[in-house]
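Enquirer: Coordinates for the following, if possible.
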Amino acid sequence: MSYTERPSDEFIALLRKSGDSDLNVALAAQREFAKALELPLRKGVLLGNILGDIFETINVEPGGSTEYPLDLISPGLEGEHVAYTNPGHGRIPERSVESDYVTLPTYSITSSIDFLLRYAKEARWDIVARAMQVLEAGFVKKMNDDGWHTILAAGVDRNILVYDGDATAGMFSKRLVSLMQTVMRRNGGGNTGSANRGRLTDLYVSPEALEDVRNWGLDQIDETTRREIYTATEGGAPITRIFGVNLHDLDELGEGQEYQDFFTSAAGLGGAVQASDLELVVGLDQSTRDSFVMPMKQALQVFEDPMLHRQQRAGYYGWAELGFGVLDNRRVILGSF
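Expert: This is a model prediction of the structure:
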């Protein structure tokens, strides 16, 4: 729902009814309005979700199990797997292995928004659209945090941190990419002939790290790669590939930023970057897409809040039930610079 483009006349009429002074008329319209919002909000949550290219969404039927057999990932090597699951929103992800399978817990995430009833009665669709964006952002934020916390916990447990000892502290180097490739290969399981041998496919770094890349000279990267960097759309597809590894920037990574603070703080994971380094780098192996899963037991549902009419307000709330898991933490490697 855009706050810059006027919606259809039918939508405007429904919005006016949702602000009616007659409680029965208002609640009936609000119920219809809530259902009309579900599909756009589901799409919006997926678009804003920075995990979409990492976690595979698995729709689970009602009453279905969220048990994942590890022998399907690498038969005969179940004992080498360490899985991480998220027990609930805002909680610390947990190491979870039960013989040759892992069960991923699912939990509800919720969000709500309300506004003055007269905005609906006056068909102020611009204000209502902004309110719906806030509702959507609440879901996006919770999903992104829970997913990335699970990834970081899986990486910390490996007790491997890659760094370039020859680089200036705080400067992202091409050699660090190469080192992380080698360490991922040596510690990712398998051998030269293995179909699922571990390899580094994607690196997630701070915007400052990409600024370092933009400043690399022709002695470090070729002119074609430099052009890719200069013409890349901010927030779009991976900005470039170095040694075949996709680079992605995350605002939540970087010195003093949210995900790095979660990684280093005692209240979070209690991890640490190399003594003289400043920033965290997260490397993933997404070549097989068999380890990062998001079971979805209930897609996002939206409801009207009937208790707000007496306060001359209209409100909507929603929930979804999902979970996050990294089935094989060898698909995660951490570095610092």
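Enquirer: Give the residue spans of the stretch 101-250 of the chain that score low on pLDDT.
Expert: Residues of the stretch 101-250 of the chain meeting the criterion pLDDT under 70: 189-196, 226, 229-239.
Enquirer: quick one, helices of it?
Expert: For the stretch 101-250 of the chain, applying DSSP state H, counting those that start in this stretch gives helices covering 117-121, 125-157, 174-187, 207-214, 223-231.
Enquirer: Which one of these lies nearest to G335?
Expert: Closest to G335 of these, according to C-beta to C-beta: helix 174-187, at 5.0 Å. In short, each C-beta sits where N, CA and C put it, glycine included.
Enquirer: now stretch 203-214, how far from the centre of its chain.
Expert: The chain centroid and the centroid of stretch 203-214 are separated by 18 Å, computed with C-alpha atoms, centre = their mean, to the nearest Å.
Enquirer: Next, the buried residues of that stretch.
Expert: Along stretch 203-214, these residues count as buried under the neighbour rule (16 or more other C-beta atoms under 10 Å): 203-206, 208-210, 212-213.
Enquirer: Tell me which of the helices of the stretch 101-250 of the chain sits nearest to V82.
Expert: That would be, of the helices of the stretch 101-250 of the chain and by C-beta to C-beta, helix 125-157, which comes in at 6.1 Å.
Enquirer: Quick check on P7: phi, psi?
Expert: Backbone torsions for P7, taken as degrees, to the nearest 10, come to phi -70, psi -180.
Enquirer: Pretty sure it sits against D126.
Expert: No - under the criterion of C-beta atoms under 8 Å, P7 is not in contact with D126, lying 10.0 Å apart.
Enquirer: What strands line up against the longest strand along the chain, and which way round?
Expert: When the chain is parsed with DSSP state E, its longest strand is strand 292-304. If you go by DSSP bridges, strand 292-304 pairs up with strand 56-59 (parallel), strand 313-322 (antiparallel), strand 325-326 (antiparallel).
Enquirer: okay, those strands, which one's buried deepest?
Expert: Stretch with highest mean neighbour count among the strands paired with strand 292-304: strand 325-326 (a mean of 29; mean count of other C-beta atoms under 10 Å).
Enquirer: what's the helix or strand following that strand packed up against?
Expert: For strand 325-326, the following helix or strand on the C-terminal side (DSSP states H and E) is strand 332-336. Applying 3 or more C-beta pairs under 8 Å, 6 or more residues apart in numbering; DSSP states H and E, one finds that strand 332-336 contacts helix 125-157, strand 161-163, helix 174-187, strand 280-284.
Enquirer: Now do the buried residues in the first one.
Expert: This points to helix 125-157. Residues 125, 128, 131-133, 135-136, 138-140, 142-157 are the ones in helix 125-157 that count as buried (16+ other C-beta under 10 Å).
Enquirer: Against R185, how distant is L278?
Expert: Distance, L278 to R185, by C-beta to C-beta, to the nearest Å: 26 Å.
Enquirer: any idea how far Q30 is from V293?
Expert: Taking C-beta to C-beta, one finds V293 at 36 Å from Q30.
Enquirer: Which one of these two is surrounded by more residues?
Expert: More neighbours surround Q30 than the other of V293 and Q30, with 27 against 22 (other C-beta atoms under 10 Å).
Enquirer: Could you give me the buried positions within the helix or strand hosting that one?
Expert: Taking DSSP H and E as the definition, Q30 sits inside helix 23-48. Applying a neighbour-count criterion of 16+ other C-beta under 10 Å, one finds 26-27, 29-30, 33-34, 37, 41-42, 44-45, 48 buried in helix 23-48.
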